[in-house]
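Engineer: Structure here, sequence nowhere to be found:
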């Protein structure tokens, strides 16, 4: 039994090693430019070893994306989301969570690469949707349902959240390190404060109608 557990651990360890090597090369050299031979050389392993775990680069990229999503769950599901009393507070706290992603250059670089690939390859856009966007949207829907937010408003706010993240990644792709736009935290602060103010105005409007 113990021997079987050790074999499983070795198998998982080798798969993680392949993913780490591939992730490094994808970010440094590009997904399309990296070959199985490059990954094997980086990991000091036979190319045939990689095929024992992954049939192609798409499978590797999907596993990297899934692993990245799971490892960032503590940020995606931070406590302040559960403490939010209104959808404005929920949105505000969710954006603060997104800000933390921008403290991790590799994470942002990875998504910049993915967005570029998704424009050219529909199957990568589908992969991103399945492994990242839909799981995040499902979590957002749960929080909004707790606050009795309508589905239309739920969808609107999620689209707003995603557009902020997308805009920041794309501006980095276009301008690189010489990005003339605001830092993401500066921009998101303006957006967060605007949403909270909009919520107050909407509440006042509803109160006046009720008078």
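Structural biologist: Yes, it's here. Not measured: the values here are computed from a predicted model.
Engineer: What distance do you get for residue 77 to residue 170?
Structural biologist: Using CB to CB, to the nearest Å, residue 77 is found at 26 Å from residue 170. Placement of C-beta: from N, CA and C, glycine included.
Engineer: Contacts for the one helix or strand residue 100 maps to next, please.
Structural biologist: Residue 100 belongs to helix 87-101 when assigned by DSSP states H and E. If you take CB atoms under 8 Å, 6 or more residues apart in numbering as the criterion, helix 87-101 is touched by 72, 75-76, 78, 80-81, 83-84, 107-108, 140, 143-144, 147, 149, 153, 157, 160-161, 164-165, 184-185, 188, 191-192, 195-196, 198-199.
Engineer: Now that helix: buried residues?
Structural biologist: 87-99, 101 (16 or more other CB atoms under 10 Å).
Engineer: What about residue 109, how many residues nearby?
Structural biologist: 16 (other CB atoms under 10 Å).
Engineer: just residue 17 next, same as before
Structural biologist: Residue 17 - counted by other CB under 10 Å - has 17 other residues nearby.
Engineer: what's near enough to touch it?
Structural biologist: By CB under 8 Å, 6+ apart, the residues touching residue 17 are 43, 45.
Engineer: ditto for residue 162
Structural biologist: Contacts of residue 162 by CB under 8 Å, 6+ apart are residue 133.
Engineer: pLDDT of the one helix or strand it maps to, averaged?
Structural biologist: Assigned by DSSP H and E, residue 162 falls within helix 151-175. Average pLDDT, helix 151-175: 83.
Engineer: Would you check that residue 24 makes contact with residue 43?
Structural biologist: No. Using CB atoms under 8 Å, residue 24 is not in contact with residue 43; the gap is 9.7 Å.
Engineer: quick one, which of those two is more surrounded?
Structural biologist: Taking neighbours as other CB under 10 Å, residue 24 and residue 43 compare with residue 43 leading, 20 against 15.
Engineer: Now name the helix or strand holding the closest residue to that one other than its chain neighbours.
Structural biologist: Distances taken as CB to CB, 6 or more residues apart in numbering place residue 21 nearest to residue 43, at 4.2 Å, with adjacent residues excluded. Per DSSP H and E: residue 21 is located in helix 2-29.
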